[in-house]
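1. Sequence and predicted structure are below.
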Amino acid sequence: MRPADSNVDPAEVARFNALASRWWDPKGEMRMLHRMNPVRLAWIAGRATLAGVRCLDIGCGAGLLSEGLARAGADVTGIDLAEDSLAVARLHQAESELTGLRYRQIAAEDLAAEAPASFDVVTCLEMLEHVPEPASVVAACARLVRPGGRVFFSTINRHPRALAEAVIAAEYVFGILPRGTHDWNRFIRPSELDRWARSAGLELQELAGLRLDAVSRRFTIVEDVRVNYLACFHKRGP
């Protein structure tokens, strides 16, 4: 794994910090994340038991997925490097009166060194495309999950259709996302993600696309993985 202090893009952390106060606004800049969240949470819940298990949410931001996992009965730790986002996450947790949920400002690599094989389920959604060395984060995820556990990723495919839809259309034509949210060069092909995961001891169980309908602005699970996609991996073990 790459040293955690070098696998950080300060500009990305600053950008998400700037959005922190508006993270929970379903009509704000994070509105697509709000629409995506129930779909991806249901997909995870269909492939891993959540009630009563220890779950780690890497790149948790202000806690949108973390709270959903906690409401499903998981004991959740959410980690992120954006301090302002974590402050908003803690405030929203207090307002929601949710227990079984805690947040830490720590890199995945550092937590992996501190607490290996400590979680039954690890989620890392919409995060890999925002770090310099995503393979290092994948390796940290593999180290953090216990043998027999599940690791879930979601990211964007480095495919021409993703450039057209996730960048040009979403950011510059329709204004669905803030401009500069994504860099197409950092998008990750499923084959690349699978190679990094296999090298770290994870086995691919399922791959699915996450499709936004341009009319309804709703997300659905599809077979097409040319743009957004979800991946479920299993940690080999006895």
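-> In hand now; what should we look at?

2. Just the C-alphas of stretch 223-238, formatted as CSV.
-> This file holds the C-alpha atoms of stretch 223-238, laid out as CSV (Å, rounded to 0.1, in the frame of the first residue of the first chain):
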residue,chain,number,x,y,z
GLU,A,223,-26.3,-4.7,-16.7
ASP,A,224,-24.5,-1.9,-18.6
VAL,A,225,-21.3,-0.9,-16.7
ARG,A,226,-19.9,1.7,-19.2
VAL,A,227,-20.6,4.6,-16.8
ASN,A,228,-21.3,4.2,-13.1
TYR,A,229,-20.9,0.7,-11.7
LEU,A,230,-21.0,-1.2,-8.4
ALA,A,231,-18.8,-4.2,-7.5
CYS,A,232,-19.1,-6.7,-4.7
PHE,A,233,-16.0,-8.6,-3.7
HIS,A,234,-15.4,-11.5,-1.2
LYS,A,235,-12.4,-11.8,1.0
ARG,A,236,-10.8,-15.3,0.7
GLY,A,237,-10.1,-17.1,3.9
PRO,A,238,-10.6,-20.3,5.9
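
3. The worst-scoring helix or strand of the chain on mean pLDDT: what's the following helix or strand?
-> Here the helix or strand of the chain ranked lowest by mean pLDDT, DSSP states H and E is helix 160-162, holding a mean of 71. Toward the C-terminus, helix 160-162 is succeeded by helix 190-199 as the next helix or strand (DSSP states H and E).

4. Go ahead and measure how far that following helix is from the middle of the chain.
-> With Cα atoms, centre = their mean, to the nearest Å as the basis, helix 190-199 stands 16 Å off its chain's centre.

5. Stretch 41-57 now?
-> That offset, for stretch 41-57, works out to 13 Å (Cα atoms, centre = their mean).

6. what does it contact?
-> 65-66, 68-69, 72-79, 111, 118-123, 125, 144-145, 150, 152, 205-206, 208, 221, 230, 232 (Cβ atoms under 8 Å, 6 or more residues apart in numbering). For every residue, glycine as well, the C-beta is placed using N, CA and C.

7. what do you get for stretch 201-220?
-> In contact with stretch 201-220 (Cβ under 8 Å, 6+ apart) are residues 32, 35-36, 39-40, 43, 47, 138, 141-142, 150-151, 154, 165, 174, 176, 190, 194, 197-198, 221-236.
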